[in-house]
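S.K.: below is the sequence, then the predicted model.
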Amino acid sequence: MSERESGPPEIDVRYTADLARLSLTDEEVACFQQQFGDILTLVDTLATLDVRGVEPTAHPASVLDIMREDEVEPGLIGAQVLENAPDNALSQIRVPKVVDA
């Protein structure tokens, strides 16, 4: 079996570039083909690791959300909102039609 047959699968770089609407030179195709091959080889190497007993995570480090306390604050009343609207009618903000039924 040759190295190519035992290695990672080929990625059709030109097809992938076409999907992304990219125009690549022959040199770029060759470069990306090598890089994709290197990435797939690394993934194959990672697949051989024994990860039994390792908890799956979405992030390698803890993710903490720093949020402020909810506090009630005064808001705008309807009349103030309508004062800033470019167009209003019947106590509502009028907007251009965006969907044809």
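M.R.: Alright, I've got the coordinates.

S.K.: quick check: residue 31 is in a helix.
M.R.: Yes - following the definition DSSP: H, G, I helix; E, B strand; the rest coil, residue 31 is counted among the residues of a helix.

S.K.: and it, how far is that from residue 12?
M.R.: Remark: distance between residue 31 and residue 12 (C-beta to C-beta, to the nearest Å) = 15 Å. Backbone N, C-alpha and C define where each C-beta goes, glycine included.

S.K.: for residue 35, same thing?
M.R.: Residue 35 sits at a distance of 14 Å from residue 12 (criterion: C-beta to C-beta).

S.K.: do residue 47 as well
M.R.: The spacing between residue 47 and residue 12, counted by C-beta to C-beta, is 22 Å.

S.K.: which one of those two has more residues nearby?
M.R.: A direct count of neighbours by other C-beta atoms under 10 Å for residue 47 and residue 12 places residue 12 higher, at 12 against 8.

S.K.: quick one, phi psi at that one?
M.R.: phi -80, psi 90 (degrees, to the nearest 10).

S.K.: list the buried residues for the helix or strand containing residue 39?
M.R.: Take DSSP states H and E as the rule and residue 39 turns out to sit in helix 26-47. Within helix 26-47, the residues that count as buried by 16 or more other C-beta atoms under 10 Å are 32, 36-37.

S.K.: just send those residues back as JSON lines, with pLDDT and distance to residue 55 too.
M.R.: What follows is the buried residues of helix 26-47, written out as JSON lines (pLDDT from 0 to 100; distance: C-beta to C-beta, whole Å):
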{"residue": "32", "pLDDT": "92", "distance to residue 55": "35"}
{"residue": "36", "pLDDT": "90", "distance to residue 55": "30"}
{"residue": "37", "pLDDT": "89", "distance to residue 55": "31"}
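
S.K.: can I get these in CSV including distance to residue 76?
M.R.: Rendered in CSV, the data for these read as follows (distance: C-beta to C-beta, whole Å):
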residue, distance to residue 76
32, 53
36, 54
37, 59
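
S.K.: list just the nearest of those to residue 63.
M.R.: Distances from residue 63 to the buried residues of helix 26-47, taken as C-beta to C-beta, are shortest for residue 36 (29.8 Å).
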